[in-house]
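S.K.: quick check, what structure comes out for this input:
(one chain, ligands or ions: 1)
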Amino acid sequence: MSFVLIDKPRPHITLITLNRPERMNAMAFDVMVPFKEALEKVSADNGTRVVVVTGAGRGFCSGADLESPGRIPGIEGLTVSAIALRSMELLDDVIRAMRRMHQPVIGAVNGPAIGGGLCLALATDIRIAAEGAYFRAAGINNGLTASELGLSYLLPRAIGSSRAFEIMLSGRDVDAAEAERIGLVSRAVPGDKLLDECYELAERIAAFSRPGVELTKRMLWSSLDAASLTSHMDHEGLAQLFVRLTTRNFEEAIQARKENRPPEFKD
Ligand SMILES: C/C=C/C(=O)SCCNC(=O)CCNC(=O)[C@H](O)C(C)(C)COP(=O)(O)OP(=O)(O)OC[C@H]1O[C@@H](n2cnc3c(N)ncnc32)[C@H](O)[C@@H]1OP(=O)(O)O
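M.R.: Reported below is the predicted structural model:
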């Protein structure tokens, strides 16, 4: 059985599913290694314009595997501390791989997203949750820090500092309705409609200019690291110029407007 599934449910859209439902898709290394490979493979696939990431069964991802963490290839003979470092690096690499994907990534949060699972959800570009999903910064509940895999960087930026402090220090559950209210997810929808909602959004995005979409994603992520508005606007300006000069999409948008039809972006 494969711990990670890759499907093409609709043209231009790839669905990546964490597939260890009996463990609520915990982040065992034998799940995370193929997951990282899947992210890199799909990122390089020119036929994919939007990616949807979800979990099989009742859970999205239950964080670190507390039962059987599995083995990382190539750790034989390493010391315990070196193995601990490799483990951390692997999980960091998964978050980085998601962040670096060319295509926008929609997180279809079908169920609990706990600990590292919350971090995975936050590393997606857009999140839509099933009404029964919930989130917990569970590092703190497990006697660790809740600040892992970028969570203490991304969560305050997503929902504001005060709420992030409260959620990360209390280790409480945030249900889907609250997640929608505070902006942790874009919306909460009935579980049986989750994937269709994600695909509809994905299709809308896939119809736009590919470099326009990819550079918008890149600029949004880069805004989180920007030193100043002025330097960020310089980057934005260059990105806009790049799309304007290397595609015919803007001309097509103008022409379509004149002809009162939807534009058809070919570049
Ligand atoms: C760097 C990253 C750090 C971290 O991620 S720290 C956080 C680590 N994760 C956790 O603390 C979460 C632990 N799990 C839970 O709190 C709960 O579970 C859930 C909220 C995810 C789901 O609760 P419910 O719906 O009641 O299901 P269930 O009966 O508890 O779980 C179903 C089966 O899934 C296994 N399972 C759940 N989470 C994990 C996990 N993280 N690692 C390994 N197995 C897990 C259980 O044991 C059980 O299995 P069986 O049916 O054999 O009893």
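S.K.: list of residues touching stretch 195-209?
M.R.: Identification of contacts with stretch 195-209 by C-beta atoms under 8 Å, 6 or more residues apart in numbering yields 9-13, 15, 49-50, 52, 54, 104, 106, 108, 126, 128, 187, 189, 213, 243, 247, 249, 265, 267. Heads up, the C-betas are built off the backbone N, CA and C, glycines and all.
S.K.: which members of the residues you listed occur in helices, if any?
M.R.: 213, 243, 249 (DSSP state H).
S.K.: which one among these gets closest to the ligand?
M.R.: Each of the ones in helices among the contacts of stretch 195-209 was scored against the ligand by C-beta to the nearest ligand atom, and residue 213 proved nearest at 30.6 Å.
S.K.: the helix or strand residue 234 falls within: how far from the chain's middle?
M.R.: For residue 234, the host element (DSSP states H and E) is helix 229-246. Relative to the mean C-alpha coordinate of its chain, helix 229-246 is positioned 24 Å out (C-alpha atoms, centre = their mean, to the nearest Å).
S.K.: looking at it now, give me its mean pLDDT.
M.R.: Per-residue pLDDT over helix 229-246 has a mean of 92.
S.K.: who does the longest helix seen in the chain touch, helix- and strand-wise?
M.R.: Criterion DSSP H: the longest helix present in the chain is helix 80-100. Applying 3 or more C-beta pairs under 8 Å, 6 or more residues apart in numbering; DSSP states H and E, we find helix 80-100 packed against helix 29-43, helix 116-123.
S.K.: include distance to the ligand and neighbour count when you put the ones in helices among the contacts of stretch 195-209 into CSV, please.
M.R.: As requested, the ones in helices among the contacts of stretch 195-209 are exported to CSV (distance: C-beta to the nearest ligand atom, whole Å; neighbours: other C-beta atoms under 10 Å):
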residue, distance to the ligand, neighbour count
213, 31, 20
243, 37, 19
249, 41, 20
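S.K.: kindly indicate whether residue 25 is helix, strand or coil.
M.R.: coil (DSSP: H, G, I helix; E, B strand; the rest coil).
S.K.: run through the residues that contact it.
M.R.: Here residue 25 is in contact with 18-19, 31, 55-57, 59-62, 117 (criterion: C-beta under 8 Å, 6+ apart).
S.K.: check residue 165 too.
M.R.: Contacts of residue 165 (C-beta under 8 Å, 6+ apart): residue 156.
S.K.: at 10 Å instead, please
M.R.: 152, 155-156 (C-beta atoms under 10 Å, 6 or more residues apart in numbering).
S.K.: same thing with residue 33?
M.R.: 3-4, 70-73, 90, 93-94.
S.K.: just the CA trace of the helix or strand that contains residue 195, in CSV.
M.R.: Secondary structure from DSSP H and E places residue 195 in helix 194-206. Output of helix 194-206 as CSV, limited to C-alpha atoms (Å, rounded to 0.1, in the frame of the first residue of the first chain):
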residue,chain,number,x,y,z
LEU,A,194,-15.0,19.6,0.4
LEU,A,195,-13.1,18.2,-2.6
ASP,A,196,-15.6,19.6,-5.1
GLU,A,197,-15.3,23.1,-3.5
CYS,A,198,-11.5,22.8,-3.7
TYR,A,199,-11.6,21.7,-7.4
GLU,A,200,-13.9,24.5,-8.3
LEU,A,201,-11.6,27.0,-6.8
ALA,A,202,-8.6,25.2,-8.4
GLU,A,203,-10.3,25.4,-11.9
ARG,A,204,-10.9,29.1,-11.5
ILE,A,205,-7.2,29.6,-10.7
ALA,A,206,-6.1,27.3,-13.4
